[in-house]
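A.B. asks: What follows is a predicted structure for the sequence shown.
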Amino acid sequence: MLDWLEPWDDDFLPAFWAAKRAMLKAAEEAMGRHGVREGQQFILMALWREDGLSPGEIARRLGLATSTVTRAATRMVRSGLLERRPHPSDARLVNIHLTDRGRDLRDDLNAEMRRLSERALAGFTTEQRAEFRRSLERLHDNLSH
């Protein structure tokens, strides 16, 4: 699969890169069926949990830059998923709210994410899935410090 790459002492990075690209492609297809760009589902998930957050609060919860959330929210407003409303006590700020369309996608997108997880983890035992998740969490921790 990765024969074109230079051989490395440790082929983790090429394998991870290939898996990441495959996951992103599959997620783009799954989310795209509902008019959602890959990655936007996580902003929707944050707002499904608590609607009316500021872009900065969404960014903090997702571990993203506020500017990343602001750009994504702008696209999501244009596509009718979100709306911006003035902050109730600070006119300089805005809060992001779900539209009816954004709210109505919850069940469909959750089902897509479950199917995507099942597809990605096909052939893994329950124990292997748990270990893989722990390994991904450790990888995140290792690279976040």
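C.D. replies: In hand now; what should we look at?
A.B. asks: who touches the nearest residue to residue 93 once chain neighbours are set aside in this structure?
C.D. replies: Excluding the flanking residues, the one nearest residue 93 by CB to CB, 6 or more residues apart in numbering is residue 87, at 3.7 Å. C-beta: built from backbone N, CA, C; applies to glycine. With contact set as CB atoms under 8 Å, 6 or more residues apart in numbering, residue 87 has these partners: 54, 93-95.
A.B. asks: what's the neighbour count on residue 41?
C.D. replies: Per other CB atoms under 10 Å, the neighbour tally for residue 41 reads 21.
A.B. asks: my guess is residue 95 is in a helix, correct?
C.D. replies: No - if the criterion is DSSP: H, G, I helix; E, B strand; the rest coil, then residue 95 is strand and not within a helix.
A.B. asks: shouldn't it be in contact with residue 83?
C.D. replies: No - Residue 95 sits out of contact with residue 83 when judged by CB atoms under 8 Å, with a separation of 9.5 Å.
A.B. asks: These two: which is more packed in?
C.D. replies: residue 95 (19 against 15).
A.B. asks: before we move on, which element is residue 38 in?
C.D. replies: For residue 38, there is no helix or strand it lies in under DSSP states H and E.
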